[in-house]
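Enquirer: what would the 3D arrangement of this be:
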Amino acid sequence: MTVYIALPFAVVVYSCMQFIPLITQCKYRIILQRSVIKMKNGEFEDGKYVLRAKIDMSSPNLNMRDPVLYRIKHESHQATGDEWCIYPMYDFSHPIADAVEGITHSLCTLEFEDHRPLYDWTAERVLKAGLVACQPRQIEFSRLNLKYTVLSKRKLIKLVEDKYVNGWDDPRMPTLSGVRRRGMPPAAIRLFCERMGISKSDSNIDFNIMEDCAREVLDDESPRAFAILDPLKVTIKNWGGSAKEDFEVPRHPKRDELGERTVPFGKSLYIERSDFFDLEGPEGEANGGKAPKGFKRLLPGGKVRLKYAYVISCDEVVRDPNTNEPTELQCTLYPETRAGITPEGEARVQGIIQWVEASTAARVQVMQYDRLFKVEEPGKESGEFTDDINKETLKVMNDVVVEPSVAMDALGLIARIRKGSASDEDKLYHSALTYQFERSGYFALDSSSTESNLVFNRVVTLRDTWAAPPKSKQPKQKNQQNNSPKKGGGQATIVEDARRVALRAGTILEAGPHPEADSLIICKLDCGDTNEAGEAAEPRTVVAGLAGKIPFDKLTNRKVVCITNLKPAKMRGIESGAMLLAASDGKEGDEETVELLDVPDSVPNGELLSFENMEPCEPDGMLKSKGALKVWDRVKAKLRVDENGEAIYQDDDVVRKILTSAGPIKVESLKQSIIG
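Expert: Numbering: from 1, shown residues only. As a prediction, the model looks like this:
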């Protein structure tokens, strides 16, 4: 501390003496040193005196008008206690600390741009006095602001001190300790920063971009496991007593090097309550005694496949006498259906659900975190950012059951953490253990976990659940791009994002399963393409994630909406030359209902669709650059199905129908749904 303080004092003496005649410098130096010593020893109260640099009171930059270098502050320091009662101002200590530490480039946010002259002034004089060996340079960039959160230190302190969150490492906090505890992988943060890049313009980044980066990294890194968040007991009537059967299943469907895990199976199981629809209970009565459209899981008297295991049928529902809610399902198992086998002559069971064997299951606590704020810019409309806190930001689930391999992995990591590591570089964190709990999301072990109480934090859901039309108005030019100049020169035309995307009518000629991926299908699509001779070109190959969503016989010869100017992408080894547009109810996994956008049969293949009350589309030849691909991302975020089942494009408060020459685009039954 003594060395550090000596450096600024040398600069102070030097800077204050440079305009004083040589014969009087000694006198002023002595007075200055005595005053500083009294300030340092606490002989003056806070604010009575300050130490300023004599620079230029006529400078147009306020920061250069004899700025304050030191002020009196009677507060304890974390390193020196109460020994010092003066502290340097940030603008003064910043360049000196950088120079002492050998920093060559100090990266700051844009609000420090006006402070750069003082930074340079101080750094030059420290170097000239021979106190350091190099002069650092300050460079400003825009701050990476995120929607649905706050980054101001003042606001973060308020969240902690007023108990809106549980400390600085609360998994909802945008702090390094917070995101680490939640389970956000470092690689996801690096990927997010790489995608956002560096800018000199202020921006507010969608939070779902960061979540998408987390999903991408966690999908590759995280092993899979069965976890039942809301358990419903299932008893297999024809299972032999307490006998157990072990299934060896892969830890990760795409990474064989992670090996296999053992999943026990027995007479008593747990399944998700949401995987059973009770036709005779309260939910059935509310739905007219019918299952929801597209529901493929277990019904009374129906069948479902337990993933990796057997097909079962529900024979009897045991109910709570007070609420009439199901408490147990009595089921029959079909031994001949083991491990995905469908006996010859029998129809394939469509629904597949996860399960956990009851006697070997481990009970854990799950913290389902969501975004801390319910609006994109907290406090902008309400005036007080704490008024916009999401009241449902945390849901604590105490009765979650997981397969035994999860508990074994967690206990092993806890033991290694307790043992400690030789260096900080090898330090282990609880959140290093992550899983994809199938059909539920990505979860990480919490640092509060003990051998008797394992706690898992939800890092992110399997897909974005916050998709909604943008509410904040943006300047028009931000959502527009300049196309190439018109022939003959002149100013470049400005084309709205929606008009740059080639939405065309096409017909699916054939459809079948993907040979390498159960979730994908392959289609042959006639998009009306022609060759150089003007003749009909070969149909495009399209890979789509519609397996199990729409039967193949309902795809063939169907007129659909497709995007034809996206960059072709390989999907599990097969290149997709276009993209099908479909509506979704936004649910996850098998619960999701998907419907393709319907085009009137009279519309010719290749017809370019338009938007109501908008000029005709002028699509780019190919959306393949990073900037061009973001055009489609922005357009997709504004596509919806309205209450009438018609496809619309909602830009701020303006709603436009998507039109063909024969009328609007519609879907069969979905209303108020997303399009993607």
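
Enquirer: verify the contact between residue 572 and residue 516 for me.
Expert: Yes: applying Cβ atoms under 8 Å as the test, residue 572 and residue 516 come out as touching, 4.5 Å apart. Every residue, glycine included, has its C-beta placed from N, CA and C.

Enquirer: anything in contact with each of those two?
Expert: Between them, residue 572 and residue 516 share no contacting residue under Cβ atoms under 8 Å, 6 or more residues apart in numbering.

Enquirer: domain map for this protein?
Expert: Domain assignment for the chain by automatic domain parsing gives 2-141, 145-225+371-466, 227-354, 476-675.

Enquirer: what's around residue 617, how many residues?
Expert: Residue 617 is flanked by 18 other residues according to other Cβ atoms under 10 Å.

Enquirer: so which helix or strand takes in the nearest residue to it once chain neighbours are set aside?
Expert: The shortest distance from residue 617 to any non-neighbouring residue, by Cβ to Cβ, 6 or more residues apart in numbering, is to residue 499 (4.4 Å). Here residue 499 sits within helix 497-500, counting by DSSP states H and E.

Enquirer: CA atoms of that helix as PDB?
Expert: C-alpha atoms of helix 497-500 as PDB (Å, rounded to 0.1, in the frame of the first residue of the first chain):
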ATOM      1  CA  ASP A 497     -36.700  -7.100 -43.300                       C
ATOM      2  CA  ALA A 498     -39.900  -8.900 -44.200                       C
ATOM      3  CA  ARG A 499     -39.500  -8.100 -47.900                       C
ATOM      4  CA  ARG A 500     -36.000  -9.500 -48.000                       C
END
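
Enquirer: name the residues of it that are buried.
Expert: Neighbour counts over helix 497-500 (16 or more other Cβ atoms under 10 Å) mark 497, 498, 499, 500 as buried.

Enquirer: can you list those residues in CSV and add pLDDT and distance to residue 45?
Expert: Formatted as CSV, these follow (pLDDT from 0 to 100; distance: Cβ to Cβ, whole Å):
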residue, pLDDT, distance to residue 45
497, 86, 60
498, 89, 64
499, 90, 67
500, 90, 65
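
Enquirer: how are the strands of the stretch 201-350 of the chain distributed by residue range?
Expert: 203-205, 224-225, 227-228, 231-236, 245-250, 260-265, 268-272, 303-306, 311-319, 326-334 (DSSP state E, counting those that start in this stretch).

Enquirer: most tightly surrounded among the ones you listed?
Expert: Mean neighbour count (mean count of other Cβ atoms under 10 Å) peaks for strand 227-228 among the strands of the stretch 201-350 of the chain, with a mean of 27.

Enquirer: surely residue 325 and residue 284 touch.
Expert: No: shown here, residue 325 and residue 284 do not form a contact pair, counting by Cβ under 8 Å, at 11.5 Å.

Enquirer: what's the neighbour count on the closest residue to residue 311 other than its chain neighbours?
Expert: In space, and not counting its chain neighbours, residue 311 is closest to residue 337: 4.0 Å by Cβ to Cβ, 6+ apart. Close neighbours of residue 337, defined as other Cβ under 10 Å, add up to 20.

Enquirer: tell me the pLDDT at residue 337?
Expert: According to the prediction, residue 337 has pLDDT 91.

Enquirer: give the contact list for it.
Expert: Applying Cβ under 8 Å, 6+ apart to residue 337 gives the contacts 305, 310, 311, 343, 349.

Enquirer: again, but for residue 440
Expert: Going by Cβ under 8 Å, 6+ apart, residue 440 touches 227, 229, 462.

Enquirer: go through those residues and name the one nearest residue 356.
Expert: Nearest to residue 356 out of the contacts of residue 440 is residue 227 (Cβ to Cβ; 7.4 Å).

Enquirer: I'd say that closest one and residue 402 touch.
Expert: Yes: with contacts counted by Cβ under 8 Å, residue 227 reaches residue 402, the gap being 4.5 Å.

Enquirer: common neighbours of the two, please.
Expert: 356, 364, 437.

Enquirer: pass me the low-pLDDT residue ranges in the stretch 301-450 of the chain, would you?
Expert: Along the stretch 301-450 of the chain, the model assigns pLDDT under 70 to residues 421-425.
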